[in-house]
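Chemist: the amino acid sequence is not available; the structure is as follows:
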């Protein structure tokens, strides 16, 4: 009798685990529309900036809410490279112990660091939902390639090469952005939606 009870409990446990896995593996029917409406999310990963004259890489933390975006880049040992907070009206950049304020986050970062980070204008591209009419989609209706124009009028090619299911959405985990001789590679480690 005791062995039978253990077996029943074990089967209930396995059924619960299987149901939980199934829920995580299911993508919502209107996942793109729902994901576009999500205004609060976080992502952690690694950013590589590849230019002909130099290569840089940093750990990336990006948090977005309806009121502001926060971007932190740190070295592999955790030392702060830059910390950026962007609101509707201004951007604040902390770099080398100094605080700088400007109206355009992308320009502020470029003027102070030489890094051209076009993705600061509209964060939805990071979720695989770029605000553009110029894109290609795969067989699951996920954006695979897109063309974006940044706030400085520069054209960027975006390639999404790896999507994974997360909380009912297809989320990109490997993204490349290219403009002329500048290439940005983003490898996402975790999403919080």
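Modeler: The structure has been received and is ready for your questions. Model, not experiment: these values are computed from the prediction.
Chemist: and the next element down the chain from the helix-or-strand element of the chain with minimal mean pLDDT?
Modeler: Across the helices and strands of the chain, mean pLDDT, DSSP states H and E gives its lowest value to helix 2-25, namely a mean of 44. Remark: after helix 2-25, the chain's next helix or strand is helix 31-37, criterion DSSP states H and E.
Chemist: which elements pack onto that next one?
Modeler: The contact analysis (3 or more Cβ pairs under 8 Å, 6 or more residues apart in numbering; DSSP states H and E) places helix 31-37 against strand 169-179. Just so you know, the C-beta spots here come from the backbone N, C-alpha and C atoms, and that holds for glycine as well.
Chemist: which positions in the strand it packs on come out as buried?
Modeler: 169, 170, 171, 172, 173, 175, 176, 177 (16 or more other Cβ atoms under 10 Å).
Chemist: ok, of these, which one's closest to residue 106?
Modeler: Residue 106 lies nearest to residue 177 out of the buried residues of strand 169-179, by Cβ to Cβ, at 12.4 Å.
Chemist: which of the helices or strands spans the nearest residue to that closest one once chain neighbours are set aside?
Modeler: Nearest residue to residue 177, sequence neighbours excluded (Cβ to Cβ, 6 or more residues apart in numbering): residue 184, at 4.3 Å. According to DSSP H and E, residue 184 maps onto strand 182-192.
Chemist: in its sheet, what does that strand sit against?
Modeler: strand 41-50 (antiparallel), strand 169-179 (antiparallel) (DSSP bridges).
Chemist: average pLDDT for the longest one, rounded please.
Modeler: Read it as strand 169-179. Averaged over strand 169-179, pLDDT sits at 96.
Chemist: so the most centrally placed residue in the chain: helix, strand or coil?
Modeler: For the chain, the residue nearest the mean C-alpha position is residue 126 (4.1 Å; Cα atoms, centre = their mean). Judged by DSSP: H, G, I helix; E, B strand; the rest coil, the three-state class of residue 126 is helix.
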